[in-house]
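1. return atomic coordinates for the entry below.
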Amino acid sequence: MDASSVRKAGAADAPNKRLGNGSMTDAEVSRSKRLGIISLLLFAALCGVWVYVFPKPPKEKQLIDNFYAHQAAYEQLRDMLVADNQLLRVANWGVETTNLGPHQVGPQGDFPLNRYNQYLELLKQTGAKWAFRGRGEHPEVVGVGVWASGWGGDTRHIEICWTDHEPANQVANLDDYYRTPKPRHPAFRHIDGNWYLYADW
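-> Here you go, the predicted model:
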């Protein structure tokens, strides 16, 4: 093979080799772009999951405005929760009572269906997700859960509570509280009378 043939063979292989000056071939540029696009898509997907799993809590004003707009429903929920001694939690998945244990799907046993449906209707009116009460004939705290985010032991909650005593660890503004360094202690923000916002993160 003469020198001319060698030069031609080398020229044919050139697109698949890195150029002598350190530049990338067209194939390497294309591969690099593909990897960059895939990395960007993965990053965007992870950001989407983060926003879905850890959304920002609603603003304090929004929660308080909603309380005043549906105060009669909140008061009715309080009265029902205080009266229903056996109830611990109620939500669209069912009821949890002192008799039935946790996470019973659908009202069973001695918890009346019409009472359960009344709870669901009031929760729907207020936009709340669940209602709860402390144990005993005269619970110190009853309330409704209005927001939650996360899973397992890392779930964050916001609740609107009625309590028979003034709670400790009150803050002037929940929006400012969220901006304080972590870890934070659970905090209450007074709304009206014995009603408080409660945040546990």
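2. what's the domain layout of the protein?
-> Per the record, the chain has its domains at 3-53, 60-199, by automatic domain parsing.
3. pick the most buried one from those domains.
-> Comparing the domains of the chain by mean neighbour count (mean count of other CB atoms under 10 Å), domain 60-199 comes out on top with a mean of 16. All C-beta atoms are positioned from the backbone trio N, CA, C, and that covers glycine.
4. how far off centre is it?
-> Chain-centre distance of domain 60-199: 16 Å, with CA atoms, centre = their mean, to the nearest Å.
5. can you give me the end-to-end span of it?
-> 11 Å (CA to CA, to the nearest Å).
6. try stretch 82-96
-> 15 Å.
7. outside of that stretch, which residues touch it?
-> Stretch 82-96 has contacts (CB atoms under 8 Å, 6 or more residues apart in numbering) with 81, 97-99, 102-108, 110-111, 115-116, 119-120, 123, 129-133, 135-139, 142.
8. can you do 7 Å?
-> Stretch 82-96 is contacted by residues 81, 97-99, 102-107, 111, 116, 119-120, 129-133, 137, 139, 142 when judged by CB atoms under 7 Å, 6 or more residues apart in numbering.
9. try stretch 64-80
-> Defining contact as CB under 7 Å, 6+ apart, one finds that stretch 64-80 is touched by 119, 122, 125-127, 131, 142, 144, 160, 162, 191, 195.
10. farthest pair in those residues?
-> Largest separation among the contacts of stretch 64-80 by CB to CB: Y119 and I191, giving 21.2 Å.
11. picking that back up, let me know the closest of the contacts of stretch 64-80 to R34.
-> Closest to R34, out of all of those and judged by CB to CB, is G127, at 45.7 Å.
12. break down this structure into its strands, ranges please.
-> 87-91, 94-97, 101-105, 130-133, 141-149, 156-163, 187-192, 195-199 (DSSP state E).
13. closest to Q62 out of these?
-> strand 141-149 (9.8 Å).
14. only C-alpha atoms, please: export the closest one in CSV.
-> Extracted C-alpha coordinates of strand 141-149, given in CSV (Å, rounded to 0.1, in the frame of the first residue of the first chain):
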residue,chain,number,x,y,z
VAL,A,141,-57.8,19.2,72.1
VAL,A,142,-60.1,18.5,69.2
GLY,A,143,-59.6,19.7,65.6
VAL,A,144,-59.3,19.0,61.9
GLY,A,145,-56.3,18.5,59.7
VAL,A,146,-56.2,20.9,56.8
TRP,A,147,-52.8,20.1,55.2
ALA,A,148,-50.2,17.3,55.2
SER,A,149,-47.1,16.6,53.2
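15. let me know the average pLDDT across it.
-> The pLDDT scores in strand 141-149 average 95.
16. indicate each strand paired with it and its parallel or antiparallel sense.
-> According to DSSP bridges, strand 141-149 forms sheet pairs with strand 130-133 (antiparallel), strand 156-163 (antiparallel).
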